[in-house]
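**Student:** For reference, the sequence and a predicted model appear below.
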Amino acid sequence: MTGDKILLVEDNKDDVLLTTRALEKANIVNQVDVAKDGIEALEYLRGEGKFSGRDTSKRPVVVLLDLKMPRMGGLEFLKTIRNSEDFKVLPTVILTSSREEQDIIESYNLGANSYIQKPVDFDQFVKAVQTLGLYWLVLNVHPNGGSSV
């Protein structure tokens, strides 16, 4: 699988490494850009801050979003983009270790496209990421009318 970028919004360096390794092991070769929290992710999408000069016409094919982060958590980020005409339909998958029912309900209420709990076992995580990649990067038709294939 190749093509569009993935935006990973994750504050934990170990989880960033784990996710990128799982993507590689699942043969997903899309470039992964990382934002450490919701504020940085908004700057990425808008081409502001350390992302100024980034071509904002090239949107990520999917956002992988953690929930528990400093400054701006995942739920606040999700609420912000869903209230924005520019990013209202940006595919956003919650990728978190939270198993709290309230987080799941609130994520969907705010417009998450999917909610995936990070498995503890690396091999299970690779399988989950592979399935995620197959769906969001190959099968899913994007708002711009095409898929990543």
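**Tutor:** Looks like it arrived, so ask away. Numbering: from 1, shown residues only.
**Student:** Would you indicate which residues of the host helix or strand of Ile104 are buried?
**Tutor:** Assessed by DSSP states H and E, Ile104 sits inside helix 101-109. Applying a neighbour-count criterion of 16 or more other Cβ atoms under 10 Å, one finds Asp103, Ile104, Glu106, Ser107 buried in helix 101-109. For glycine as for every other residue, the C-beta is placed from the backbone atoms N, C-alpha and C.
**Student:** now the residues you listed as JSON lines including distance to Leu18 and pLDDT?
**Tutor:** Converted to JSON lines, the buried residues of helix 101-109 look like this (distance: Cβ to Cβ, whole Å; pLDDT from 0 to 100):
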{"residue": "Asp103", "distance to Leu18": "20", "pLDDT": "94"}
{"residue": "Ile104", "distance to Leu18": "21", "pLDDT": "95"}
{"residue": "Glu106", "distance to Leu18": "24", "pLDDT": "96"}
{"residue": "Ser107", "distance to Leu18": "21", "pLDDT": "96"}
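**Student:** Out of the residues you listed, the closest to Lys58 would be?
**Tutor:** Of all the buried residues of helix 101-109, Lys58 sits closest to Ser107, with 25.7 Å by Cβ to Cβ.
**Student:** which non-adjacent residue is nearest that closest one?
**Tutor:** Ile94 (4.8 Å; Cβ to Cβ, 6 or more residues apart in numbering).
**Student:** This structure: strands as residue ranges?
**Tutor:** Taking DSSP state E as the criterion, the chain carries its strands at 6-9, 32-35, 62-65, 92-96, 114-117.
**Student:** so Leu8 sits right up against Gln31, yeah?
**Tutor:** No. With contact defined as Cβ atoms under 8 Å, Leu8 does not count as touching Gln31 (10.5 Å).
**Student:** Name the residue in the two with the higher neighbour count.
**Tutor:** Counted by other Cβ atoms under 10 Å, Leu8 and Gln31 do not tie: Leu8 has more neighbours, with 23 against 11.
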